[in-house]
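**Q** just the structure for this:
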Amino acid sequence: LLYVTADAEVWRLDAAGEASVFAEVAAPVGLARLADGGFIVAGFGAAMQPDGAIFRVDGGGVVSQIAVGIDDPNFVTIAPDGSALVSDDFDTRVFRVTLDGQVSVALEVESPNGMAYSPDGQAFYVASTFTADGQLTRFAVDAQGLPVAASGLEILHLGTGSTPDGIAVSEDN
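**A** Next comes the predicted model:
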């Protein structure tokens with residue numbers, strides 16, 4: 001199955017190419033799969049307004065809002081402890097959202113957007129979208145698998161006018 005966000009919905013596409021609405025979520029952007037088969041979905045809201053929300057969608061498509069307080073949540077990835085790391089590319093913070101709705105700052109990096117863990121779990125990558133350099137930064141992770149701010153190393157600059165967004169890491173890192 002393939003899941004995608006569009007308009008106010010999470011869509012499911014099956015192997016036969018049949019699409020159906022899986023869940024209705026306000027202004028969905030990023031989503032990440034949980035170990036239990038559900039998802040964490042970032043509800044963006046209106047740009048530059050404090051109206052974003054984080055939703056949990058269970059495996060049956062039932063939606064519950066679990067957190068607010070992130071103005072423009074965008075990309076979501078799941079940390080090794082099962083919490084969600086959520087970017088806001090109009091901000092300088094990557095937020096950690098626990099499944100019971102606790103929001104804290106996990107990392108500060110300029111205009112964070114796409115994020116990914118290396119397959120071996122030893123590195124965390126963040127693409128910075130609205131910056132002069134369009135950089136990709138690599139961070140080491142701590143014993144809980146959360147990024148270590150002081151370890152940030154910019155490993156790629158795409159340059160003026162670029163806006164790096166989503167990223168993925170290959171099996172060989």
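**Q** ok, residue 68 - how many residues close by?
**A** Number of residues near residue 68 (other C-beta atoms under 10 Å) recorded here: 16. For every residue, glycine as well, the C-beta is placed using N, CA and C.
**Q** ok, what's across the strand from it?
**A** Residues in a beta bridge with residue 68, per DSSP bridges, are residue 53.
**Q** I'd say it and residue 49 touch.
**A** No - when contacts are counted by C-beta atoms under 8 Å, residue 68 is not listed as touching residue 49 (12.0 Å).
**Q** mind listing what's buried along stretch 158-172?
**A** For stretch 158-172, a neighbour-count test (16 or more other C-beta atoms under 10 Å) marks 162, 164 as buried.
**Q** what does that stretch contact?
**A** Applying C-beta atoms under 8 Å, 6 or more residues apart in numbering, the contact partners of stretch 158-172 are 75, 113-119, 125, 127-130, 132-136.
**Q** against residue 100, how distant is residue 143?
**A** Using C-beta to C-beta, to the nearest Å, residue 143 is found at 22 Å from residue 100.
**Q** what's the answer for residue 106, then?
**A** 16 Å.
**Q** comparing these two, which residue is more hemmed in?
**A** Remark: of residue 106 and residue 100, residue 106 carries more neighbours, 24 against 9, as counted by other C-beta under 10 Å.
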